[in-house]
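> One predicted model, sequence on top.
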Amino acid sequence: MTSQPIDWAERFSERMNRVRASEIRELLKLLDQPDILSFAGGIPDPGLFPAERIQADYAAILADPALAAQALQYSVSEGYLPLRAWIAERMTRDGMPCEPTNIMLTAGSQQALDLIGKLFIGPGDTVVVARPTYLGALQAFNGYQPAYRDLPEGALRGEPTDLPRGALGYFVPDFANPTGVSLTLEQRQALLEMANALDMTLIEDAAYRELRFEGEATPTLLALDIAQSGGVDNARTLFLGTLSKTLSPALRIGWVCGPKTVIEKLVLLKQGADLHVSTINQMVAHRAVSEGYDQHLHRLRGAYGHKGRVMLAALERSMPEGVTWSHPEGGMFVWIDLPEGMDGATLLARAIEEERVAFVPGAPFFAEVPSANAIRLSYSLPTDAQIEEGVGRLARLIRRVMAEA
């Protein structure tokens, strides 16, 4: 008897209707085409990885039988204690006093987003996000079937909103992906006041905070929250950190810092997800950051700051009137607002075909009401010459499209 083909689509859960492929992940495939000048992927410059240090750390651990036995074994879900202690000490220095018990290590901060979504979001629950917001957060949350609300513009000025009580709020206060924009101290205070008034849980994604190359650091949402509430265990803000942008994405080391009550529940969820982050990677990461990390950050800030200034100068020199852009003081991104009526996705198709330039169209970064006339450029990976050439090509195409309108 011949078996009937299985219609797998009918068997998938309803949540899969909300899960979509990342446009950024798809665009990264363009990096394999050598003639494409890509501003698409917001990925670190591999020339800045401390590869020799990481290689030496792996070798040292594996050469010691006792350390090797520990590194190659199962471990606790909370994460390697010496690394959590280092993180807690560093966060305390940054105005967020906490203990290792307030921290759980994750497989990058992307896993932290997924576990937080599983813990806090049920079907129809409200998630408030910036407009635009990080696409990866939307992907992490979508499977839990939330109802998104864009943060009203007036909320950051302290104006009343119609947002519901008890929502989850997700924000990237420092050098946000995709805009590169940071919240001012006054905006952070207004956001926290709104969260207090509406009993909102705040998620602070600090993926790019360590990459400031201009200006003065602003207190984190968690630091402001702790100052008001009296301690991290009384705070309503969960802080997400990562070593992916500073040390290496491949190590997959991120963390959540928050009240012990929340961390305990996240640990239970992590036990069901992957048991723990790779033990040897955690040990290597701890060795790599324990000595010379601030000097390494200084090198990163200098490199990305230089590339950012090269891109801003190229935009100023090349772009036609009617095109505007953000002016980041850190991170990896510039957000470009195109003339009204121009579509970023359509522009991308022509850019690849006509100018061999790639970027990310803006529409996927909007949760509630999309805006098509925007694009994201990343300056982290290309060289100075590639930035200048690529921006020039893109500006040339935009002028053509404007002339055709």
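Arrived safely.

> give the contact list for the closest residue to Thr324 other than its chain neighbours.
Nearest residue to Thr324 in three dimensions, chain neighbours excluded: Asp337, at 4.9 Å (CB to CB, 6 or more residues apart in numbering). (Glycine included, C-beta is placed from N, CA and C.) Residues near Asp337 by CB atoms under 8 Å, 6 or more residues apart in numbering: Val323, Thr324, Trp325, Asn373, Ala374.

> From Val129, how far off is Asp337?
Separation of Asp337 from Val129 (CB to CB, to the nearest Å): 19 Å.

> same check, this time on Pro364
Distance from Pro364 to Val129, by CB to CB: 13 Å.

> Which neighbours do the two have in common?
Leu138.

> Which one's more surrounded, the two?
Val129 (25 against 20; other CB atoms under 10 Å).

> Hmm, Leu83 is touching Ile280, no?
No: the pair Leu83 / Ile280 is not scored as a contact, 12.0 Å apart, by CB atoms under 8 Å.

> neighbour-wise, which of the two wins?
Per other CB under 10 Å, whichever of Leu83 and Ile280 has more neighbours is Leu83, with 25 against 21.

> hmm, who's touching the one helix or strand the more buried one maps to?
Per DSSP states H and E, Leu83 falls inside helix 81-93. The contact list for helix 81-93 (CB under 8 Å, 6+ apart) reads 78, 97-100, 102-105, 239, 241, 253, 255, 257, 282-283, 285-286, 289-290.

> Direction included, what does the following helix or strand past that helix pair up with?
Once helix 81-93 ends, the next helix or strand along the chain (criterion: DSSP H and E) is strand 103-106. Using DSSP bridges, strand 103-106 pairs in its sheet with strand 254-257 (antiparallel).

> Report the rounded mean pLDDT for the strand it pairs with.
Strand 254-257 carries an average pLDDT of 98.

> neighbouring contacts of that strand?
79, 84, 87-88, 91, 96, 98, 102-112, 115-116, 222, 232, 238-244, 262-263, 266.

> hmm, which helix or strand of the chain has the shakiest average pLDDT?
helix 23-28 (a mean of 60; mean pLDDT, DSSP states H and E).

> that older thread, from the contacts of helix 81-93, list just the buried residues.
78, 98-100, 102-105, 239, 241, 253, 255, 257, 282-283, 285-286, 289 (16 or more other CB atoms under 10 Å).

> Show the pLDDT at the residue most central in space within the chain.
Among the residues of the chain, the one closest to the centroid is Ala207, at 5.1 Å (CA atoms, centre = their mean). At Ala207, the model reports a pLDDT of 97.

> next one: Val369
We have a pLDDT of 86 for Val369.

> how many neighbours does it have?
8.

> List the contacts of Trp325.
Contacts of Trp325 (CB under 8 Å, 6+ apart): Leu312, Leu315, Met319, Val334, Trp335, Ile336, Asp337.
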